[in-house]
Structure formats: structure tokens, C-alpha cells
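**Student:** Sequence and predicted structure, then a few things I'm wondering about:
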Amino acid sequence: MADAFVSFAVQKLGDFLIQEINLRLSLRDDIQWLRNELLFMQSFLRDAELKQCGDQRVQQWVFEINSIANDAVAILETYSFEAGKRRPSRLKACACICSKEKKFYNVAKEIKSLKKKIMDISRKRETYGITNIISGDEGPSNQVTTLRRTTSYVDDHDYIFVGLQDVVETLLAQLLKEEPCRTVLSIYGMGGLGKTTLARNLYRSPRIVNTFPTRAWICVSQEYNTMDLLKTIIKSIQGCTMGTLGLLEKMDERDLENHLRDLLKERKYLVVVDDIWQREAWESLKRAFPDGEKGSRVIITTRKEDVAERADDRGFVHKLRFLSQEESWDLFCRKLLDVRAMVPEMESLAEDMVEKCRGLPLAIVVLSGLLSHKKGLNEWKKVKDHLWKNIKEDKFIEISNILSLSYNDLSTALKQCFLYFGIFPEDKVVKVDNIIWLWMAEGFIPRRGVERMEDVAEGFLNELIRRSLVQVANTFWEKVTECRVHDLLHDLAIQKALEVNFFDIYDPTSHSISSSCIRHGIHNQGERYLSLDLSNLKLRSIMFYDPGFHKMSLINFRSVFQYLYVLYLDILGATIPDVIGSLYHLKLLSLSCIHYLPSSIGNLKNLQTLVVVAGAYSFQLPPETTDLINLRHLVVRCIKPLVHINKLTNLQVLQGIQCDQWKDIDPVDLVNLRELSMSGIDKSYSLNNINSLKNLDTLKLFCGFDESFPSLEFVIHCEKLQKLYLNGSIEKLPNLFSNSITMMTLTDSKLTQDPMLILGMLPNLRNLQLKEAYFGKEIICSDNSFCQLQFLQLEYLRNLETWRLGTNAMPLIKGLCIDHCPNLKEIPERMKRVELLKRTSKWSS
């Protein structure tokens, strides 16, 4: 992992030498020397990482190299940005020369300081006995396979159903039994057994969803704040309107408790309280869960038996068991990428390793993910040798050994991407777009010829999923849309990040955070964090996850955040100061619940991603937004016109735009736009200019309330369109769609004519969802229609009675979901053999 910092610094030093051809010779020599020395040290870092776990001196050596690499990048990038901000006029030429000389002097002074530090570090390498002992075949994989978005995933939740179907039925019966009193169902067991996953599957079960109109989920963890937990439940029930958020901020703990009781007392509710460590945590919450004799339920998951046993005298306690050897092997094979490549000798090795996992599901799936990326018998033997080093014949493999070995097997780039999950709060569900854009902003994603960085990053995420280091939380259209990491892997990410100074998370109890880490995560008490002395830091990323913090005026942007690449503020209703425009390095800016964005935003010429969740319906992006020449992703909901948005020629994703903003735009210059999401559409608008977007891949259109679409004939001209989502009334379905379409969703379409005749002719359609889309009583899929269709979802077609299926229709179908079609008498005989899909995850625009 440490060589990632050095590799990045070596690249930046080289780029600087190429770009700044007028450097003084002495400064050029010093930078070249620093680059060569870091390049030389890089060859020792892997050996150092192998040793550092048990040697504090080596940890310190790696730590110091990281610090120098980070400082070198910050020094050179600051100079480059300052020097390139504006071209001087002739009248200012002399002053500019003097200014540039001063900048050269400052850079030279700081580089010489780093040179002294690195000479000292070189001496320490010999003192600590760090030598280059790397052989070509023992290191982790350095290749990252880009797995395409069409990859078919094994559901990460499936593993709890290996041998545990009886458990699921037992717990469902407890939740659904005719018992009016509020009761608690407690699930306990060691980490990695699948407690949270089991609870999540119960929570999402259609039977549960239909029985409990009010549901909420909170994760407690070891460090918890009762007020934050109460607010989370209230917001999940009431929604996150500005009125609700403002009201909650004025409440103390007793007020919040009473408010939640009032919300729940007349409801039949289900609340999941996940990952409780102390009895006190449950005691502080349970008073807020009233017993209104409505049959409400609470599910608790915990690793502690006493917490589970004492949660409720009338409750039901379930100890989650380990898998049997047969179930363990079944799970291992399900998660293995290519079972057919496992020759008998490899199978024997695998059986030994699986047996040593002693039925712990997380250990098994991570082991399977690791072996999936090892080719041949010798590679599998090496994995076994590594695992067997620290165990005796009668013991089992520690889960930490498997997790660490899987982490160490990652390439440098994948290590960075995995560690980044640790900066999020525990059990945080992360949107895939967000994590990809963050990786890009941080510089983790390499350029690969003409391949888009977004696609490379998605390949990285898919590989982490394949290795079972990242879990799939939600999918849509065969693509992962949300993900998370298991809490044990979250702990591993934090541990490894601290070892290599990758990031640090603010600890309000000790009121401290590492002054040498370039990435800070703040999960609560942001106001206290900002009271620390941050003036001498060269921070690259600030991740605020503190809904109670909104005093942006406390931040000295110019002195504290001047080196930032990432500013992620998941906070309440902040006022963004004009000085934000001085953060020239910024590549990603994500803001929540704001009312105003200053015009200085136009100065951020390096910004790649701008995400704004407005706190007011009248929010308007400043016109200067169109000066963001490197912007690739713009996600914003505002109603005011976006002037000259066609100037953003690098834009790849545009989400949240209103139709009346789009109508006056000539999109012909948006040559790179791949994804467009537009709402507020009504019949009076024309959408014909969308066909000017020659590279459009994904189109999502949402009508205004009780409105209908204008003509959709333009879609036939979108030659590269693959994914089409239409939400709103369609008076007439176009006779022709683009043949390139592979995924389509029609929601609330109110069609009166059977859409299957037209849709069935699409030659590449693989995934079709109809939700409240058709009012008719019959659908007919004629012979030879839907020749490529694999997944079909029919939802809320309340009038549908008959489904006729031609003999040769849907020859490739492998997944079917029928939900809320109460009058459908029978499905075609051939469809009865098709796998039933779970209800689709909700769509978010």
C-alpha cells in the first residue's frame, strides 16, 4: 500500500519536470534527485510492509516516506496552480517575473528540506535492516481485471440461506405471529456469521413489508450517540424535510424520545437495531418504542449473549449457528468464480482450507474470493502455506488472517480503493457513483488509453466485489448501484489506513486526529474538530458526515483547505462562503441541504464532480458554473435556468435537471454526455434536441405530477442509447425504438394498448420492467419476440388477467418477477420453470 503514495509522487515529480521547462538548474537537479530517490525507495516498500506488522521501527519508516511523498506532491501542485491561475498583461510582466522568482525560491527551499529528510530516511533503512528480498512470484497480484458492468453477481445475501432456510422461516414466524404486544427478536453470534445480513433479508421480505407499514433501521456499533440514533429513526419515518431537520436540532434527548414515541404509538412498526454492543445502548433506546398493542416488533443484532438475553423478557432469542462442513463447501463453491477450473488436487487443498474456517460464512466467502484470483495448483498451495503459518493442526484459521491475506493480495490501486471504504461511517451504504467519483478525484484511477476512467473504476469495484471484500447492497439494470463493507472489513480498512497514514477519523473523546494524515473523516462533533489547530496541515480530503453541524463560518477555507482535492459535506443547511473559490486543487465538491452557492465556484477549473443537494426549492446554480471546463459529473436539483451549459464539453453525467432548463439548451456540443436524468416534463415541451447527444448511453425521464410525455419519437435517433427509464403517462408508445436499447423501465405509463407487440421487436432488449405501466387485461408475446430478453418484471399491473406467450418467444429468459398483479389468473407454463426474482430495488433519479 505504501508504494501507492510514492508511485503517485514519482509521477507528479516527473510531470512537473516536463511542464516547467524554465526551472533553475539547481532546482531541477534537486527535484530530479528527489524523484530518483523515491523511485529507488519504492523497491523496498513491499518488504517493509511485510515486516511492519511486528516492528514499530519499520512502521515509522514507512510512515515517514508517505509523509515526504505527500509533501512533495502538495508543494509542486500548489506552485503549478498558483503559476497558472492567470496570464499577466504586459504592464504586469515585471511584477509577475518577481512573483515567479519568489515562488521558485519557496519551492526550492521546501524541496531542499525534503531532501534532508529523505537522506535521513535512507540511513534509517539500513538501521532497520530493510532489504529488497522480493521475488517475482510472491507478491500480490499487480493486474486489475476490468470486469464489465454486465457481470452477473452472486447475491451477497445468498450465503445466509445456505442451510439456513429453516432459520429464516422460524424468525419470520416469530415476527408475523398473532401477538399484539410489542416484542423483541434478538439475533446474536460472533462477527462474520451473517447477523446483519439475516436481519436485512427479514427486513426486506415482502411478507414483512406488507405487514409493517412503518419500518426503520439504525446501526448502533461500539461508539454511539443516543440522540443521533433517535434522530435517524425519526427522519426515516417522517422524511428529511428542512422543517423536520430544523425541529430535531432544537430537541434534547428527552424531547426526541417523546417525539418518537408519539410518532409510533398508533402505528404497527418494525425497527431493526443493528450491532448493539452494550446493554446500556438498548436501555437508552427502548423507552422510545411504545407498546400500542398493534403487534409491533423490534429486531436486535449483537455479538453479546447477555445483550440478546436481557433485551425483552417476552422476546425471542436466536443464536446464529456456524455452517456445517457440507454447507461450508456449498457456499465456497457458489462464490468461486470458476468451479470447473478446480482440478482434484486443488479441490483437496480447498477442502482443507474451508474446513479450517469452521463454518464462518464471512471467512469462507473471502477465502473463495481470494482463491478465485489465483490460477493453478501452485498458487493455491501458496495461499494455504500463508494461512497455515499461524495455526496448529487442531486450530482454525483466524478470520483476521484470511482478511489480511486477501487485502495483501490486492494490487496497489485496489488497496487504495478498498481502504477508502474505511473513511465512511460503519455500515454506511455507499452509492457506487459516489465512490467511483471519489476514487477518480483522489487520483487512484489510472488512465488506460481511450478507456474512460469511470469504466476503469467500475472494473476496480467489480473486482473488490468478486473478492468478497465489498458487498452488493442494491442493483438495478444488472448494475451495482449501492454497496457496503462488512464491519470486520471496515475495521481492517481503518487499521491498514492508520498503518500507512492513509486517513484518520476524528475522535471526539480524545479530541485528536493525526496531523500528518492527508485525509480526515469527521463522523460527529464537527464543531469540536474545527477547534483543533489545522493551520499547518496539507489536507487532501475532508469527509464530513455530521448532520448536526452547519457552522461553515468556523472553517478557514483559505489556510486549512487550500490543498483539498475532495470536500464532501454531508451536513445540515450550511452556508458556503465565497472563499471556496480559492480551493484551486478541488476535484470533487459534494454539498447537502444548501440554499446558495457563490459565483466564485467558477474558479474551480480542476473540478471533476459537483453534487449539490439543495435545501431550497428555489436554489439556483450560479452562471459561473459553466466555467468549470473539466467538469465530468453534475448532480443538482434546481429550477432556475442553466445558462450556456453546452460549454461543459467534458460533461459525462448530468442528473437532476428540470425540463424547462433543458428546452433552451443546444446540446450539440455535449459530445461526451453519457447519462442524462431530467424531471418536470410535461406534454408542452419538446424533447427532440436529445437526439443531438450522439454518445448518450443512459436516459431517465420523469414527468411532473399528473403530466404526460410529449412525443417520444426522438428515441429512434439515439443510436447509442442502451438504458431507457420513462416515468409518467405515455399517450402513445413509439412504433420504433433504437435497436441499441438493452434495458428499459416503464413506470406509471397508463398505457391502454398492449406494449408487448412493440417492445418484443427490440433485438437487443435484455431487461424489461413494467410498473403500473399498462391498464389492459391481456398481454401477448408473439412468436420470435423478445429474442434476447433475460429478465422480466411485471409490477402493479392490476387489471392484467391473461398472459399469452408464443412458442418461440423469450427463448433466453432466466429471471421473472410478478408483483401486485392480483387478477392474473395464470402465468404461461414455460414461465413456471423460470427463477423468481426479488422485487426490484427502488429507483433513484
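**Tutor:** It's in.
**Student:** how close does residue 540 get to residue 274?
**Tutor:** Shown here: residue 540 relative to residue 274, a distance of 32 Å by Cβ to Cβ, to the nearest Å. Where you see a C-beta, it was placed from the backbone N, CA and C, and this is true even at glycine.
**Student:** Distance from stretch 607-620 to the middle of the chain?
**Tutor:** What separates the centre of stretch 607-620 from the centre of its chain is 20 Å, taken as Cα atoms, centre = their mean, to the nearest Å.
**Student:** do stretch 64-78 as well
**Tutor:** Taking the mean C-alpha point of stretch 64-78 and that of its whole chain, the gap between them comes to 28 Å (Cα atoms, centre = their mean).
**Student:** next one: stretch 298-313
**Tutor:** Once both centres are worked out by Cα atoms, centre = their mean, stretch 298-313 turns out to sit 30 Å from its chain's centre.
**Student:** According to the record, where do the domains of the protein fall?
**Tutor:** What the record gives for the chain is the domain set 2-127, 158-319, 325-408, 412-492, 745-845, from automatic domain parsing.
**Student:** residue boundaries of the helices in the stretch 451-600 of the chain?
**Tutor:** For the stretch 451-600 of the chain, the helices defined by DSSP state H, counting those that start in this stretch occupy 453-466, 487-499, 526-529, 557-560.
**Student:** Neighbours of residue 537, how many?
**Tutor:** Number of residues near residue 537 (other Cβ atoms under 10 Å) recorded here: 21.
**Student:** Go ahead and confirm it touches residue 513.
**Tutor:** No. Look at residue 537 against residue 513 with Cβ atoms under 8 Å: they stay out of range, at 9.5 Å.
**Student:** right, and residue 634 touches residue 661 too?
**Tutor:** No. Assessed by Cβ under 8 Å, residue 634 is found out of contact with residue 661, at 11.7 Å.
**Student:** Those two: who's more crowded?
**Tutor:** When residue 634 and residue 661 are compared on other Cβ under 10 Å, the one with more neighbours turns out to be residue 634, at 23 against 19.
**Student:** residue contacts, the more buried one?
**Tutor:** Listed by Cβ atoms under 8 Å, 6 or more residues apart in numbering, the contact partners of residue 634 are 610, 625, 648, 651, 653, 654, 655.
**Student:** element containing the last one?
**Tutor:** If I follow you right, that is residue 655. In this structure, residue 655 sits in strand 653-658 according to DSSP states H and E.
**Student:** does residue 749 sit in a helix, a strand or a coil?
**Tutor:** In three-state terms, and counting by DSSP: H, G, I helix; E, B strand; the rest coil, residue 749 is coil.
**Student:** Once you drop chain neighbours, what's closest to it?
**Tutor:** Here the nearest residue to residue 749 in space, its sequence neighbours aside, is residue 773; by Cβ to Cβ, 6 or more residues apart in numbering that works out to 4.0 Å.
**Student:** and what of residue 14?
**Tutor:** With sequence-adjacent residues excluded and distances taken as Cβ to Cβ, 6+ apart, residue 14 is closest to residue 35, at 6.2 Å.
**Student:** For residue 121, see how far away the one you found is.
**Tutor:** From residue 35 over to residue 121 the distance is 15 Å, taken as Cβ to Cβ.
**Student:** Which stretches in the stretch 451-600 of the chain count as strands?
**Tutor:** Counting by DSSP state E, counting those that start in this stretch, the stretch 451-600 of the chain has strands at residues 471-476, 479-484, 504-505, 519-522, 541-546, 566-571, 588-594.
**Student:** To residue 330, which of the ones you listed lies closest?
**Tutor:** Closest of those to residue 330 is strand 471-476, at 19.3 Å (criterion: Cβ to Cβ).
**Student:** where's the closest one relative to the chain centroid, distance-wise?
**Tutor:** Here strand 471-476 is found 10 Å from its chain centre; the criterion is Cα atoms, centre = their mean.
**Student:** Parallel or antiparallel, which strands does it pair with?
**Tutor:** strand 479-484 (antiparallel) (DSSP bridges).
**Student:** quick one, the partner strand and helix 487-499 angle?
**Tutor:** An angle of 70 degrees separates the directions of strand 479-484 and helix 487-499 when computed by axes from the mean of the first three to the mean of the last three Cα atoms, to 10 degrees.
**Student:** C-alpha coordinates for strand 479-484, PDB please?
**Tutor:** This file holds the C-alpha atoms of strand 479-484, laid out as PDB (Å, rounded to 0.1, in the frame of the first residue of the first chain):
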ATOM      1  CA  LYS A 479     -25.500  -2.900 -12.500                       C
ATOM      2  CA  VAL A 480     -24.500  -2.500  -8.800                       C
ATOM      3  CA  THR A 481     -25.900   0.800  -7.600                       C
ATOM      4  CA  GLU A 482     -25.100   0.700  -3.900                       C
ATOM      5  CA  CYS A 483     -22.500  -1.200  -1.900                       C
ATOM      6  CA  ARG A 484     -21.100  -1.600   1.600                       C
END
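**Student:** Mind listing residues that contact that strand?
**Tutor:** Residues outside strand 479-484 that contact it (Cβ under 8 Å, 6+ apart) are 149, 153, 427-432, 435, 461-462, 465, 470-475, 841, 844.
**Student:** Now which of these would you call buried?
**Tutor:** For these, a burial check counting by 16 or more other Cβ atoms under 10 Å picks out 427-428, 430, 432, 435, 461-462, 465, 470-475.
**Student:** following the strand or helix carrying residue 184, which helix or strand shows up next?
**Tutor:** Using DSSP H and E, the secondary-structure element containing residue 184 is strand 183-188. Reading on from strand 183-188 to the C-terminus, the next helix or strand found by DSSP H and E is helix 195-204.
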